[in-house]
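Engineer: Pasted the sequence and its predicted model underneath.
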Protein chains: 4
Amino acid sequence: MSGAVRFSVSLGDDLLKHFDAMWKGDGHPTRSEAVQALIRQSLVMKEWQAGTDVAGSVVIVYDHHARALASELVDVQHDYQHVVVATQHAHLDHDNCLESVIVKGKASDVEQFVKRLKSLKGLKHVSLVRTTTGTDV
Amino acid sequence: MSGAVRFSVSLGDDLLKHFDAMWKGDGHPTRSEAVQALIRQSLVMKEWQAGTDVAGSVVIVYDHHARALASELVDVQHDYQHVVVATQHAHLDHDNCLESVIVKGKASDVEQFVKRLKSLKGLKHVSLVRTTTGTDV
Amino acid sequence: MSGAVRFSVSLGDDLLKHFDAMWKGDGHPTRSEAVQALIRQSLVMKEWQAGTDVAGSVVIVYDHHARALASELVDVQHDYQHVVVATQHAHLDHDNCLESVIVKGKASDVEQFVKRLKSLKGLKHVSLVRTTTGTDV
Amino acid sequence: MSGAVRFSVSLGDDLLKHFDAMWKGDGHPTRSEAVQALIRQSLVMKEWQAGTDVAGSVVIVYDHHARALASELVDVQHDYQHVVVATQHAHLDHDNCLESVIVKGKASDVEQFVKRLKSLKGLKHVSLVRTTTGTDV
């Protein structure tokens, strides 16, 4: 944690009016927080492009009746234990499971892990949400 | 679960050669699986646009020293218990926490939940990964 | 055109340091311009979501040896002359053409135009770049 | 140009039903064309990631009353004449101009050109649409 700095931004008054309407609609509490959110979002995207240490969540949906799949998922996660932090499992309905895997590490390792998951037959959807370790954001 | 159908696709041979190189590089086991993955991804996007029942994960990164935040996060999640399935928490470093919340429900309710989270002061990043309940995908 | 307003934003000093490094790397001339660009980008996205008057460019790549295609493209553009402003054509190589169509109008009409283009057999790629009429941005 | 190949894809019948509804809604003429469009879109994204020869369009919106801007835009385009193919200009309203620049070349050069444009003060929006030269797609 460190100190806060104030700096000023210049904007056309029409543009400001439209921006104010937007962030209020999006639920941000103040204009300063809304600008912060835009800045943070752009930094998170850069971290992933730069391939530095990142965090995220890999979400997998599959039909658990394909029994081999559940054990293959465990195997792959163990192979990538240098990026897998923890896993949580939800039963979506009688057939479908959602598994959410928190990941942390090098962007390239995380992307390699996602690629390996996609090589498993029978997964319905694999998606990766890119966020930050918080260290620089 | 239901039966499988085969159908044929016509593609220029050059295009096919490039597609084959790509899906092999991405880790898909067969060409048919690679096409399936593209089809499923496009259906998942449609489900979210159509606003039907969806599933996903909301990932939040914050500094836990902002103590009020942790309890506010619990409050908001209870307000949205009709979409919040389960939560998992990881300690990224001394300061930063990552919370991954599995959600399921109407797309508009999930998006309302994300908006509400963004109204909390001090969160570093909120992101939503859109996946499917698996019912129609 | 209207007057300019200054407002202040509060940011952690570490976060500011990282943001400064990023916008300098991206080529923005000042911090204030970098914040403006983020704000404008978010407003443009909202305009398209809100379906108000928008502007953009539809880019089409095709092999001109499929002769019927060129005349079908002209037909479709005339059917949508309420959104088509102007067209420009580049010869990419011996076979391939790129046509860039400036569009302006209701977001839904533009998207309908893109959908109609996709119904033509033989196009290699159709893409839409979403920008603004500039009125509110 | 080269010959066409047919190959078969296996899909659950429920999934196929949903896919058929989607591509019909999107305007694709046949299922095979719909699959082709997904394959081409994924190849175009790869070309840009791989940084090979690409094509695209850079769309710029600005207020022409900022007179220096128009001549700066010409200067920058001449500096990047190795990627700039042609330019077209539309008058959106009394104040706002849209300029659409067709580009072709190395992905990194195109991105450098966009970065240089963003360094100009007073542009309202710069966006890049990524498409293909058509050679491999």
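Structural biologist: Looks like it came in fine.
Engineer: Can you give the distance of stretch A:57-73 from its chain's centre?
Structural biologist: Taking C-alpha atoms, centre = their mean, to the nearest Å, one finds stretch A:57-73 lying 20 Å from the centre of the chain it belongs to.
Engineer: List the buried residues in that stretch.
Structural biologist: Across stretch A:57-73, burial judged by 16 or more other C-beta atoms under 10 Å in any protein chain shown covers A:57-63, A:66, A:69, A:72-73. Where you see a C-beta, it was placed from the backbone N, CA and C, and this is true even at glycine.
Engineer: can you tell me which two in the residues you listed are farthest apart?
Structural biologist: Of all pairs drawn from these, the greatest distance, 22.5 Å, lies between A:Ser57 and A:Ala66 (C-beta to C-beta).
Engineer: Where does the prediction get shaky in chain A?
Structural biologist: Low-confidence segments of chain A, defined by pLDDT under 70, span residues A:1-2.
Engineer: tell me the domain boundaries of it?
Structural biologist: For chain A, automatic domain parsing gives the domain ranges A:13-49, A:52-131.
Engineer: Now those domains in a markdown table, please, with extra columns for distance to D:Ala86.
Structural biologist: As requested, the domains of chain A are exported to a markdown table (distance: least, C-beta to C-beta, whole Å):
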| stretch | distance to D:Ala86 |
| --- | --- |
| domain A:13-49 | 30 |
| domain A:52-131 | 36 |
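Engineer: So which of the ones you listed is nearest C:Thr133?
Structural biologist: C:Thr133 lies closest to domain A:13-49 among the domains of chain A, at 12.6 Å (C-beta to C-beta).
Engineer: That closest one vs chain B: in contact?
Structural biologist: Yes: contact of domain A:13-49 with chain B (C-beta under 8 Å from any C-beta of the partner chain) involves A:26-29, A:33, A:37, A:40-41, A:44.
Engineer: Among the residues you listed, which lie within helices?
Structural biologist: Mapping the residues of domain A:13-49 next to chain B onto helices (DSSP state H) picks out A:26, A:33, A:37, A:40-41, A:44.
Engineer: of those, closest to chain D?
Structural biologist: A:Gln41 (17.1 Å; C-beta to the nearest C-beta).
Engineer: show me the contacts for that closest one.
Structural biologist: Residues near A:Gln41 by C-beta atoms under 8 Å, 6 or more residues apart in numbering or on different chains: B:His125.
Engineer: distance of it from B:His125?
Structural biologist: 7 Å (C-beta to C-beta, to the nearest Å).
Engineer: Show me the strands in chain A, by range?
Structural biologist: Ranges of strands in chain A, per DSSP state E, are A:4-12, A:53-63, A:84-91, A:96-106, A:123-131.
Engineer: how far off strand B:53-63 does the fourth one point, in degrees?
Structural biologist: Computed by axes from the mean of the first three to the mean of the last three C-alpha atoms, to 10 degrees, the angle separating strand A:96-106 from strand B:53-63 equals 30 degrees.
Engineer: now swap in the first one and tell me
Structural biologist: Put simply, strand A:4-12 runs at 130 degrees to strand B:53-63, going by the same axes, to 10 degrees.
Engineer: Tell me which other helices or strands strand A:4-12 touches.
Structural biologist: When contacts are defined as 3 or more C-beta pairs under 8 Å, 6 or more residues apart in numbering or on different chains; DSSP states H and E, strand A:4-12 sits against strand C:4-12, helix C:13-26, helix C:31-50.
Engineer: Also the fourth one?
Structural biologist: Identification of packing neighbours for strand A:96-106 by 3+ C-beta pairs under 8 Å, 6+ apart yields strand A:53-63, helix A:67-79, strand A:84-91, strand B:53-63, strand B:84-91, strand B:96-106.
Engineer: Minimum distance to A:Val9: which of these has it?
Structural biologist: Going by C-beta to C-beta, the one of those nearest A:Val9 is strand B:53-63, 24.3 Å.
Engineer: roughly how far apart are A:Arg6 and chain D?
Structural biologist: 23 Å (C-beta to the nearest C-beta, to the nearest Å).
Engineer: can you check A:Glu72 too?
Structural biologist: On the measure of C-beta to the nearest C-beta, A:Glu72 and chain D end up 20 Å apart.
Engineer: now that residue, nearest residue through space, not along the chain?
Structural biologist: Leaving aside its chain neighbours, A:Glu72 sits nearest to A:Leu120 (5.3 Å; criterion: C-beta to C-beta, 6 or more residues apart in numbering or on different chains).
Engineer: go on, A:Leu98?
Structural biologist: Nearest non-adjacent residue to A:Leu98, counting by C-beta to C-beta, 6+ apart: A:Ala90, 4.7 Å away.
Engineer: quick one on the thing from earlier: closest one of the buried residues of stretch A:57-73 to chain C?
Structural biologist: Nearest to chain C among those: A:Ser57, at 22.4 Å, using C-beta to the nearest C-beta.
Engineer: do you know how far that closest one is from B:Lys124?
Structural biologist: Note on A:Ser57: its distance to B:Lys124, by C-beta to C-beta, is 15 Å.
Engineer: before we move on, back to that, which of the residues of domain A:13-49 next to chain B are buried?
Structural biologist: Among the residues of domain A:13-49 next to chain B, those classed as buried by neighbour count (16+ other C-beta under 10 Å) are A:27-28, A:33, A:37, A:40-41, A:44.
Engineer: Closest one of those to chain B?
Structural biologist: Distance to chain B across those (C-beta to the nearest C-beta) is lowest for A:Gly27, with 3.9 Å.
Engineer: Done for today, thanks.
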